[in-house]
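Colleague: Sequence and predicted model, in that order:
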Amino acid sequence: MSVLLCPAALLPLRQQSNLVLIDARTGPAARQQFEIQHLEGARFVDLETELAHKKSDPADGGRHPLPDVAAFCQLLGRLGIGPDTQVVVYDDKQGANAAARFWWMLSALGHPQVQVLDGGYQAAVEAGFPLRAGAEADAGAAPYPASEWLWPTVGIETVERAVQDPGVLVIDVRDADRFAGKVEPIDLVAGHIPGAVNVPFSENLDAAGFFHSP
């Protein structure tokens, strides 16, 4: 299964009983925007409260540390996602932001049937995918049967060692101006980890907002 799904291919999947469509749009008003309008059948996930376990001090694990696996598996059950579910996830950053994170998290549990909608919410709307308003009820299914992340993660101590090792590459995917410290809308200190290189996630997209070919 391809990691990416084009909007035109999403339309015929609407009739599949095992499809779960996930809305991972972000921002302070994301849930409100979802209730105003979303792709028909989609269920909303919140980056800030469901896809991360944020601490009171961002120095403790960063701004969006991964949640506990058990908590994430409970969330997947509420969304109706089980081992045999086909999942398609979209966001409002052409699929390159929280949708990619959700793809990684589900893949890291060992779930193979998960795709990011190429072009994101905007592309699906332009392709004529049906829309609806209102909240969506939880599926209320059993928690996803997993107990650990199968893909590797590292902590800040590993990063501290890595930037001193010429054989290890540390990549910063924020935009170039934030990497350079020219602007900083979120963090207290501008700039980047010494030794990191910048590969802005936005440069993975072409001028139309779709992912470049491999």
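Modeller: Yes, it's here. Numbering: from 1, shown residues only.
Colleague: Show me the strands in this protein, by range?
Modeller: Using DSSP state E, the strands of the chain run over 4-5, 19-23, 38-39, 42-44, 86-90, 114-117, 131-132, 171-172, 197-198.
Colleague: do you know how far Pro28 is from Asp46?
Modeller: Distance of Pro28 to Asp46, given as C-beta to C-beta, to the nearest Å: 11 Å. Any C-beta I mention is one placed from the backbone N, CA and C, and that applies to glycine too.
Colleague: Looking at these two, which one has more neighbours?
Modeller: Asp46 (16 against 8; other C-beta atoms under 10 Å).
Colleague: Could you report the distance from the nearest residue to that one once chain neighbours are set aside to Asp23?
Modeller: Nearest non-adjacent residue to Asp46, counting by C-beta to C-beta, 6 or more residues apart in numbering: Arg31, 6.5 Å away. Look at Arg31 and Asp23: by C-beta to C-beta, they are 9 Å apart.
Colleague: so what sits against both of these two?
Modeller: Both Arg31 and Asp23 are in contact with Phe44, where contact means C-beta atoms under 8 Å, 6 or more residues apart in numbering.
Colleague: the more surrounded of the two?
Modeller: The residue with more neighbours, out of Arg31 and Asp23, is Asp23; 23 against 17, by other C-beta under 10 Å.
Colleague: Any buried residues in the helix or strand of the chain with the lowest mean pLDDT, and which?
Modeller: Lowest on mean pLDDT, DSSP states H and E among the helices and strands of the chain sits helix 156-162, with a mean of 92. Judged by neighbour count using 16 or more other C-beta atoms under 10 Å, the buried positions of helix 156-162 are Ala162.
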